[in-house]
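**Q** no sequence on this one, just coordinates:
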């Protein structure tokens, strides 16, 4: 189609799929296939975080942390979270930290910024006055606590120049949403985007 290979970005879900795609491209069109940028969503997003880390507020290229590091970070600073609304979170910090990891991931997969989270929190808290079921109230309190804690968690990681898996896509979204120059650079470089198994995307990957 007379398209320059280096203007094509092909995104997949797994490293195996990306490697298979690269091999097939070379097999089909020769060495020029290597010029097509084929990788996973997260690998591409991570490369942009490393390239523009200062724009995201990191002082150095951030280090990727795992679930064990996340647990250690929140557990060590749990007392800094202040008075929690949730009775279960207050009684069981271990349960709380496990819940934080899952819900924080959901916040980022839905690209919710702090303002949107605050609105969500207020909508849920406004329901309390009309609810008598303790289990339902507890669920609302847990969500409200997590909305309060999420910005602190993000700030703690940034202080250490750390990112977790969920930050990769979220950081890329922040870059292209807040910095028009970076968005223009990416749009100029990648004029054609191929998404493998697009129907399986979540909201963040589709955006």
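**A** That came in fine, so what should we check first? Predicted model, so just to flag it, every value in this text is computed and none were measured. Numbering: from 1, shown residues only.

**Q** does residue 6 touch residue 37 like I think?
**A** Yes. In this structure, residue 6 is within contact of residue 37 by Cβ atoms under 8 Å, at 7.1 Å. Quick note: C-beta positions are derived from backbone N, CA and C, even for glycine.

**Q** between the two, who's got more neighbours?
**A** Set residue 6 next to residue 37 and count neighbours by other Cβ atoms under 10 Å: residue 37 wins out with 20 against 14.

**Q** helix or strand for residue 3, which one?
**A** For residue 3, there is no host helix or strand (DSSP states H and E).

**Q** right, and it touches residue 190 too?
**A** No. Judged on Cβ under 8 Å, residue 3 makes no contact with residue 190 at a distance of 11.2 Å.

**Q** comparing those two, which residue is more hemmed in?
**A** Between residue 3 and residue 190, counted using other Cβ under 10 Å, the more crowded position is residue 190 (16 against 10).

**Q** wasn't residue 69 part of a helix?
**A** Yes. Counting by DSSP: H, G, I helix; E, B strand; the rest coil, one finds residue 69 located in a helix.

**Q** against residue 75, how distant is it?
**A** 11 Å (Cβ to Cβ, to the nearest Å).

**Q** and what of residue 11?
**A** Relative to residue 75, and taking Cβ to Cβ, residue 11 is found at 35 Å.

**Q** and the helices in the chain, which stretches?
**A** 15-29, 41-51, 67-76, 87-91, 93-109, 114-125, 134-160, 165-178, 180-189, 203-206 (DSSP state H).

**Q** name the nearest residue to residue 80, ignoring sequence neighbours.
**A** Spatial nearest neighbour of residue 80, chain neighbours left out: residue 152 (7.4 Å); criterion: Cβ to Cβ, 6 or more residues apart in numbering.

**Q** hang on, the earlier thing: the more surrounded of residue 11 and residue 75?
**A** residue 11 (25 against 13).

**Q** was I right about the more buried one contacting residue 196?
**A** Yes. Look at residue 11 against residue 196 with Cβ under 8 Å: they come within range, at 6.5 Å.

**Q** name the residues of stretch 105-122 that are buried.
**A** 107-108, 111-112, 117, 120-121 (16 or more other Cβ atoms under 10 Å).

**Q** what is the mean pLDDT for that stretch?
**A** In this model, stretch 105-122 has a mean pLDDT of 91.
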